[in-house]
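A.B. asks: Next come a sequence and a model predicted from it.
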Amino acid sequence: MTAKTEATLEHGLKVGGLDDGRVTLRQTLVACSLLLVALLAGILVTSLFGSERLPARASICALASLGQHSCGLTPDQYAILLEIRLPRIFLAAAVGASLAAAGASYQALLRNPLAEPYLLGVSNGAAVGTMIALVFFGTWEWSRPLMAFTGALAATFVVYRLAQGRAGASPERLILAGVIVTTFLSSAIVFVTTLMDATRIRSFTFWLLGDLSGTTTSLLALAIIVAIIGTAVLAANARSLNLLMLGERDAFDLGVEVGRVRLIVFFVASLLVGSSVASSGSVGYVGLVVPHLVRLSLGSDNRIAVPAAALAGALFVVVADTVARTIIAPRELPVGAITALIGAPLFVYLLKRG
Amino acid sequence: MLLACSVNKPIPIAESHDTRRVTDEAGKSVSVPAEIERFISLAPNLTEIAFAIGAGDRLVGNTTFCDYPEEAKRVQRVGDTLQPSIERILALRPQVVLVSTSSQLEAFSKQLDEHRIAVYVTDPRDLEGVFRSIENLGKLLNQEQRAEETVSQLRKRATTVTEAVKSTKPSRVFYQLSAEPLYTAGHDSFVTDLIRRAGGVSVTSDVPEAWPRYSQEAAVAARPEAIILPTDGSMGSANSEVAEGLKRSPAALSGKVYRINGDFLSRPGPRAVDGLEALAHALHPEAFNK
């Protein structure tokens, strides 16, 4: 990027009210390292909580040895810690990172602070995809993430197309399009669940609210890999996203290949939402609340906001799920209920403050 | 049209007949004709009871879940247990509608009340409660003798089972209603009673609710010696595999995972005794091989 465009960008970000927009690489690294440390600490601490009480010292010892030593844990305790609790925490982290990174990028690309996978109908698109996979290809494991991704992508493009008016896509039009697609897909979900038999309805409605309890090793691995690669790709496009926040025409004038960036972001964000919905249902508010908190505290430069949102989102869902699985133990709550209970009031507070 | 009229006027239900007051299992007083000629069942267990006591020919409506006995499938459907159609029910002019607390139709019952249709609620919480429901429906539908015969036969079979397993060591049972997410049978479920009678003890018998969502960790820690998978029947092949967390439980390692027809275990009706027998034979085969 030439000095001239750098200067224009700086000017542009200032014009856009983003005066604290530019950050150095060092700032990004420091902020992300701190968040990473917080996330690892969060994973360690939450792995000591669950419906079963495990001896803390032995648990930490077993975790520190990366599962090589049982450190005096009984085989059952060892299995609870390393085969049930820890994978679930990792899944929570992957889901949180995916949704928050996707939310942050949608907000930048669509220049809309309310853009969020759940509100845009993307989560519901993925949910309908997953449901179709369950009904028609129940036995093939990979059909779930594949169909979820397809559903998310389809919903994204429909919302985007609906939002395009003659005068371009206004933020209001976009949210309206999101609401229309969301309610349409919700009705589709109700329609199909009514056709499904009673035993499957129960688990499906629970799953719709977000459920991290049942996943396979392969789906977990997929969720983690997609979260890391997806966030990296989005972060790599952060500079273009910064320029896109000025408006598509300005970004184009500044040399951004708008069409290509839009395609990449839609594709990758749909992949992130699809893989998290396929493994855990629709966990709401993460993509909305987390990027906002990150922007409030670290500024709105997407080079820092996207990776930081991913790490903070991971921590948020890890903590929320710990509440969900311990508060009425040995029974459980859906994690989506907890993220909404924390997220909605927090969002109202942010709106009032903003 | 029918709906509009019925809001203002009660549907004329056999005015020439005498009426009588009965108290249903929820403790509510219900006014019904002396002779009930048309009734609707809104739960598969009640449909099964109705046919078992010989009142099936007067059943004018039931749900899409009512698939036993074979004749039940030929009865007019009024929707499923979760969402029955009030219009269809009114059109069938029932003198009484039978509902089960297990299908959570309280709000719907109120709606029927408003249309002056008598609602009889059954509330079986254990096997004894099932027997009581059969006898109560026998009285309601004037099939007392058939009901008493049915109950005495069922009771005899249940006693045979409990006698056979009396001296066995109760095994610790986990009842897996669904694997993902994990659901089990809690304190208020009648399966918990069946497991106890079959010579087992449910490791989740203290958990509140009838069908609680259950923690995988807690399931591992409970170390069940046997796992029951209600499957087959109307459930198809759903729930035929053990949940991930239970794959290394003593039960799974020793091969003590038993698939039992879910309809026997989820419907508090006459076939609950079939469920009891299947459970006891699974948990204590030695008690029946003498």
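C.D. replies: Nice, I can see it.
A.B. asks: Pull up the residues of chain B that are close to chain A.
C.D. replies: For chain B, the contact set with chain A under CB under 8 Å from any CB of the partner chain comprises B:65, B:80-83, B:177-183, B:204, B:207-209, B:211-218, B:220-221, B:223, B:234-236, B:238-239, B:243-245, B:248, B:262. Placement of C-beta: from N, CA and C, glycine included.
A.B. asks: Direction included, what does the helix or strand containing residue B:201 pair against?
C.D. replies: Using DSSP states H and E, residue B:201 sits within strand B:200-202. When sheet partners are counted by DSSP bridges, strand B:200-202 sits next to strand B:171-178 (parallel).
A.B. asks: Identify the residues contacting the strand it pairs with?
C.D. replies: With contacts defined as CB atoms under 8 Å, 6 or more residues apart in numbering or on different chains, strand B:171-178 is touched by A:199, A:202-203, B:182-185, B:189, B:191-192, B:195, B:199-204, B:211, B:219, B:222-230, B:238-239, B:242-243, B:246, B:249, B:251, B:256, B:265, B:283-284.
A.B. asks: try stretch A:147-155
C.D. replies: Stretch A:147-155 is contacted from outside by A:117, A:120-130, A:132-133, A:137, A:181, A:185, A:266-267, A:269-271, A:273-275, A:277-278, using CB under 8 Å, 6+ apart.
A.B. asks: go with 10 Å
C.D. replies: Outside stretch A:147-155, the residues that touch it by CB atoms under 10 Å, 6 or more residues apart in numbering or on different chains are A:102, A:117, A:120-134, A:136-137, A:178, A:181-182, A:184-185, A:226, A:266-267, A:269-279.
A.B. asks: re earlier: who are the packing partners of the helix or strand just after the strand holding residue B:201?
C.D. replies: Next along the chain after strand B:200-202, taking DSSP H and E as the criterion, comes helix B:216-221. When contacts are defined as 3 or more CB pairs under 10 Å, 6 or more residues apart in numbering or on different chains; DSSP states H and E, helix B:216-221 packs onto helix A:75-79, helix A:302-326.
A.B. asks: gap between the helix or strand where residue A:103 lies and the chain center?
C.D. replies: Per DSSP H and E, residue A:103 falls inside helix A:86-109. With CA atoms, centre = their mean, to the nearest Å as the basis, helix A:86-109 stands 3 Å off its chain's centre.
A.B. asks: now check that helix, is it near chain B?
C.D. replies: Yes: using CB under 10 Å from any CB of the partner chain, helix A:86-109 comes into contact with chain B via A:87-88.
A.B. asks: Can you show me the CA trace of the very next helix or strand once past that helix as PDB?
C.D. replies: As assigned by DSSP H and E, the chain's next helix or strand after helix A:86-109 is helix A:122-136. Extracted C-alpha coordinates of helix A:122-136, given in PDB (Å, rounded to 0.1, in the frame of the first residue of the first chain):
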ATOM      1  CA  VAL A 122     -27.300 -16.900   8.900                       C
ATOM      2  CA  SER A 123     -27.500 -19.100  12.000                       C
ATOM      3  CA  ASN A 124     -31.100 -20.100  11.100                       C
ATOM      4  CA  GLY A 125     -29.900 -20.900   7.600                       C
ATOM      5  CA  ALA A 126     -27.300 -23.200   9.000                       C
ATOM      6  CA  ALA A 127     -29.900 -24.700  11.400                       C
ATOM      7  CA  VAL A 128     -32.300 -25.500   8.500                       C
ATOM      8  CA  GLY A 129     -29.300 -27.100   6.700                       C
ATOM      9  CA  THR A 130     -28.400 -29.200   9.700                       C
ATOM     10  CA  MET A 131     -32.000 -30.200  10.100                       C
ATOM     11  CA  ILE A 132     -32.300 -31.300   6.500                       C
ATOM     12  CA  ALA A 133     -29.000 -33.300   7.000                       C
ATOM     13  CA  LEU A 134     -30.500 -35.000  10.200                       C
ATOM     14  CA  VAL A 135     -33.800 -35.900   8.400                       C
ATOM     15  CA  PHE A 136     -32.400 -37.100   5.100                       C
END
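A.B. asks: give the contact list for residue 232.
C.D. replies: I went with chain A, as the question did not name one. Here residue A:232 is in contact with A:101, A:268, A:306-307, A:310 (CB under 10 Å, 6+ apart).
A.B. asks: nope, chain B
C.D. replies: Taking CB under 10 Å, 6+ apart as the test, what residue B:232 contacts is B:238-240, B:259-264.
A.B. asks: Relative to residue A:335, which of these is nearest.
C.D. replies: residue B:239 (22.9 Å; CB to CB).
A.B. asks: Tell me the backbone dihedrals of the residue lying closest to the closest one once chain neighbours are set aside, please.
C.D. replies: Nearest residue to residue B:239, sequence neighbours excluded (CB to CB, 6 or more residues apart in numbering or on different chains): residue B:231, at 4.8 Å. Main-chain torsions, residue B:231, degrees, to the nearest 10: phi -150, psi -170.
A.B. asks: Pull the number of nearby residues for residue B:231.
C.D. replies: Residue B:231 is flanked by 21 other residues according to other CB atoms under 10 Å in any protein chain shown.
A.B. asks: Tell me the bridge partners for it.
C.D. replies: Under DSSP bridges, the beta-bridge partners of residue B:231 are residue B:261.
A.B. asks: That one against residue B:261, yeah?
C.D. replies: Yes: between residue B:231 and residue B:261 there is a contact at 7.6 Å, judged by CB atoms under 10 Å.
A.B. asks: Next one: the most centrally placed residue in chain A from chain B, what distance?
C.D. replies: In chain A, the residue lying closest to the centroid (CA atoms, centre = their mean) is residue A:99, at 0.8 Å. Relative to chain B, residue A:99 is positioned 20 Å away (CB to the nearest CB, to the nearest Å).
A.B. asks: Could you look up the SS state of the closest residue to chain B within the stretch 151-300 of chain A?
C.D. replies: For the stretch 151-300 of chain A and chain B, the shortest gap (CB to the nearest CB) falls at residue A:214, measuring 3.4 Å. At residue A:214 the chain is in coil, as set by DSSP: H, G, I helix; E, B strand; the rest coil.
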